[in-house]
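K.L.:
what's the 3D shape of this:
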Amino acid sequence: MRILCLNVVFILLVSSLQAQSKSSGSSGYQTALGVKVWDGGGISLKHFVNGNNALEFIGYFWRQGVRITGLYEIHGPINGAAGLQWYIGPGAHIGFYNTRNGDRSFIGIDGVLGLDYKFKGAPINMSLDWQPSFEFGDNRGFVGSWGGLGIRYTF
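P.N.:
As a prediction, this is how the structure comes out:
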């Protein structure tokens, strides 16, 4: 399963690089690839599709399973703080978890609220966000513990 997830992330990265334009959005970068950490680790790929609108794909991996999340993020500048932006948006996920009752798959809807910072003169981007979600299925529901600290290389 992990190999499949890594292949999906790789394909998305290659597709994103081929479609990348030479100009960057108001964020100061067009595409960023790196890690996201919280209660586990993940791979994060963020790509601005136009102006202040970005897509972020995250593959979380931890001892209880794998979760693939896609987010649509709307960014806005924070006045007086060059390189710093807020962002908000909707998304969805699919998770493959090892539970007390056996292995299960779940789908859900997500939201995201966060801050994004691009270092001037360096190809580094950092973000901190909260990703509340709602999972559908037996013994599922609201989950408020997702999100993380992202550290990415920009290009």
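K.L.:
Q30 contacts F155, doesn't it?
P.N.:
Yes - proximity of Q30 to F155 meets the contact threshold set by CB atoms under 8 Å, at 7.3 Å. Where C-beta positions appear, they are placed from N, C-alpha and C, glycine not excepted.
K.L.:
who's more crowded, these two?
P.N.:
Comparing Q30 with F155 by neighbour count (other CB atoms under 10 Å), the higher total belongs to Q30, at 21 against 12.
K.L.:
Strands along the protein, start to end?
P.N.:
Along the chain, the stretches classed as strands by DSSP state E are 31-37, 41-50, 53-62, 65-77, 84-99, 102-118, 124-130, 133-136, 142-143, 147-154.
K.L.:
pLDDT below threshold where in this protein?
P.N.:
Filtered on pLDDT under 70, the chain yields the residue ranges 1-26, 100-102.
K.L.:
Near the residue nearest to W62 when sequence neighbours are not counted, how many other residues are there?
P.N.:
Leaving aside its sequence neighbours, W62 sits nearest to G40 (CB to CB, 6 or more residues apart in numbering; 2.9 Å). G40: 16 surrounding residues under other CB under 10 Å.
K.L.:
what's the answer for N79, then?
P.N.:
Counted with other CB under 10 Å, the neighbours of N79 add up to 7.
K.L.:
how about stretch 120-138: buried residues?
P.N.:
The neighbour-count check on stretch 120-138 (16 or more other CB atoms under 10 Å) flags I124, N125, M126, S127, D129, Q131, S133, E135 as buried.
K.L.:
For G59, state which of those is nearest.
P.N.:
Q131 (13.6 Å; CB to CB).
K.L.:
Distance of that closest one relative to L55?
P.N.:
Plainly put, Q131 is 14 Å away from L55 if you go by CB to CB, to the nearest Å.
K.L.:
Check the burial of Y29 by counting its neighbours.
P.N.:
20.
K.L.:
if I pick it, what's in contact with it?
P.N.:
Residues near Y29 by CB atoms under 8 Å, 6 or more residues apart in numbering: F48, K118, P123, N125, T154, F155.
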